[in-house]
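Peer 1: for reference, the sequence and a predicted model appear below.
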Amino acid sequence: MKWLINSWYQPHPIRWLLWPLSTLYSAVISIRRSLYRLNIFKQYRLTVPVIIVGNITVGGTGKTPFVIWLVKQLQQAGLRPGIISRGYGGKAEHYPQLVTAQSNPAVVGDEPIIISRHTHCPMAVAPNRVAAGQLLVEQFDCNIIVADDGLQHYALGRDIEIVVVDGDRLFGNQYQLPAGPLREPLSRLQDVDFIVHNGGESSTEFTMDLSQGHAINLTDPNSTIELGAFTDQAVHAVAGIGHPERFFNQLTEAGLDVSPHPFSDHHAFQKADLEFNNDKTILMTEKDAVKCQAFAKKNMWYIPINATISGRLNEQLLDKLAGITPHG
């Protein structure tokens with residue numbers, strides 16, 4: 001699978017072999033969206049405004065830190081947001097499943113736990129996003145819903161769509177799956193309300209900068225250390241995210257001597273995955289840390305990410321929300 005993903009971001013002849021499948025995929029996606037537009041497939045609206053945060057490419061673009069930033073903006077504006085997600089990687093016995101900071105990642109997924117920890121607001125995961133949203137509105141009196149990774153979930157009506165783009169990799173070869181990384185054609189971006197680029201050299205209005213601050217010990221969350229304390233040290237870097245090279249590069253740029261250990265996105269870590277036959281420091285993302293807590297050792301640290309957004313996205317977003325007519 002990794003070789004296929006790599007082929008999307010560099011010239012590779014495999015795209016010509018996969019092009020017929022991409023053409024078929026594109027046709028199916030186009031027909032499906034048209035069926036929702038024509039009301040042949042039913043779209044359900046909640047009684048409160050819905051903000052969709054998603055992307056049009058496969059793999060990590062930085063949606064999780066953006067969702068955290070977005071929810072905090074809504075909270076500061078006096079709103080009562082609820083968050084819904086698919087909960088990828090989780091296998092709950094029933095849905096919708098409420099998420100807390102203490103939830104089991106094997107049940108609700110890894111990213112929802114991070115979002116819950118940082119926002120402290122109601123959150124639910126379910127394949128049926130409408131049901132998850134209804135639960136939060138009815139039980140927690142949420143007056144706005146943020147849907148994480150719901151751009152292609154057209155059964156859920158939406159008032160605002162925000163797309164997060166990987167500013168470094170952008171759209172690869174610009175082919176749709178499986179010949180390229182696109183879930184939908186690039187023309188889809190013309191329909192969304194806001195586009196946020198995560199890093200890169202983009203000159204767009206809104207860019208997201210992800211900064212790494214202090215590291216937190218997995219065995220003692222009260223034990224923190226500045227990332228600079230690891231400068232010139234040889235460390236193991238572990239990342240089971242959509243674009244692990246971004247994490248490794250950030251550590252290298254901070255002056256660390258990094259031995260990278262990439263894993264697949266949402267990898268279900270086991271104790272053996274982190275046994276490197278020495279006691280060097282192991283650094284990982286917060287997303288990975290929630291799955292390594294049960295077998296954590298003192299040499300394991302995770303690095304939380306903080307997002308800042310250029311431009312006045314928060315102001316424009318609130319202005320747009322003010323113009324939305326209640327659905328109820």
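Peer 2: Yep, that arrived.
Peer 1: need the three-state assignment for T100.
Peer 2: Under DSSP: H, G, I helix; E, B strand; the rest coil, the three-state class of T100 is coil.
Peer 1: then Q75?
Peer 2: helix.
Peer 1: can you tell me how far it sits from I145?
Peer 2: Distance from Q75 to I145, counting by C-beta to C-beta, to the nearest Å: 14 Å. Placement of C-beta: from N, CA and C, glycine included.
Peer 1: same question, F295
Peer 2: 36 Å.
Peer 1: I52 looks like it's in a strand, true?
Peer 2: Yes: assessed with three-state DSSP, I52 lies in a strand.
Peer 1: is it true that it touches Q152?
Peer 2: No: with contact defined as C-beta atoms under 8 Å, I52 does not count as touching Q152 (9.5 Å).
Peer 1: okay, the two: which has more neighbours?
Peer 2: I52 (25 against 15; other C-beta atoms under 10 Å).
Peer 1: contacting residues around that one?
Peer 2: A147, G150, L151, L156, R158, I160, E161, I162 (C-beta atoms under 8 Å, 6 or more residues apart in numbering).
Peer 1: looking at those residues, state which has the most neighbours.
Peer 2: Of those, with other C-beta under 10 Å as the count, A147 tops at 26 neighbours.
Peer 1: which strand residues bridge D166?
Peer 2: Under DSSP bridges, the beta-bridge partners of D166 are N198.
Peer 1: low-confidence ranges in the chain?
Peer 2: Along the chain, the model assigns pLDDT under 70 to residues 1, 202-203, 328.
Peer 1: if we use 50, what do you get?
Peer 2: For the chain, applying pLDDT under 50 flags no range at all.
Peer 1: domain assignment for it?
Peer 2: Domain segmentation of the chain under automatic domain parsing yields 2-208+309-322, 214-303.
Peer 1: for the chain, longest helix please?
Peer 2: helix 14-37 (DSSP state H).
Peer 1: next, the buried residues of that helix.
Peer 2: Buried positions in helix 14-37, judged by neighbour count with 16 or more other C-beta atoms under 10 Å: R15, L18, S22, Y25, S26, I29, R33.
Peer 1: and stretch 125-142, by the same measure?
Peer 2: Buried, per 16+ other C-beta under 10 Å, within stretch 125-142: 125-126, 128-130, 132-137, 140, 142.
Peer 1: name the element N277 belongs to?
Peer 2: Assigned by DSSP states H and E, N277 belongs to no helix or strand.
Peer 1: what is the neighbour count of it?
Peer 2: Quick note: N277 (other C-beta under 10 Å) scores 5 neighbours.
Peer 1: now do A155
Peer 2: In terms of burial, A155 registers 13 neighbours under the definition other C-beta under 10 Å.
Peer 1: quick check: it touching L46?
Peer 2: No: A155 lies out of contact with L46 (C-beta under 8 Å); the separation is 11.6 Å.
Peer 1: what touches both of those two?
Peer 2: Contacts common to A155 and L46, judged by C-beta under 8 Å, 6+ apart, are V130.
Peer 1: what secondary structure does Q134 sit in?
Peer 2: helix.
Peer 1: quick one: contacts for the nearest residue to Q293 once chain neighbours are set aside?
Peer 2: Leaving aside its chain neighbours, Q293 sits nearest to L218 (6.2 Å; criterion: C-beta to C-beta, 6 or more residues apart in numbering). For L218, the contact set (C-beta under 8 Å, 6+ apart) comprises A289, C292, Q293, A296, K297, M300, W301, Y302.
Peer 1: phi first, then psi, for N277.
Peer 2: Here is the backbone geometry of N277 (degrees, to the nearest 10): phi 60, psi 20.
Peer 1: okay, it and A234: tell me how far apart.
Peer 2: 13 Å.
Peer 1: one more: K280?
Peer 2: Taking C-beta to C-beta as the measure, K280 falls 6 Å from A234.
Peer 1: overlap in contacts of these two?
Peer 2: Joint contacts of K280 and A234 (C-beta under 8 Å, 6+ apart) are S259.
Peer 1: more neighbours: which of F295 and I145?
Peer 2: Under the neighbour definition other C-beta under 10 Å, F295 and I145 were set side by side, and I145 has more, 29 against 15.
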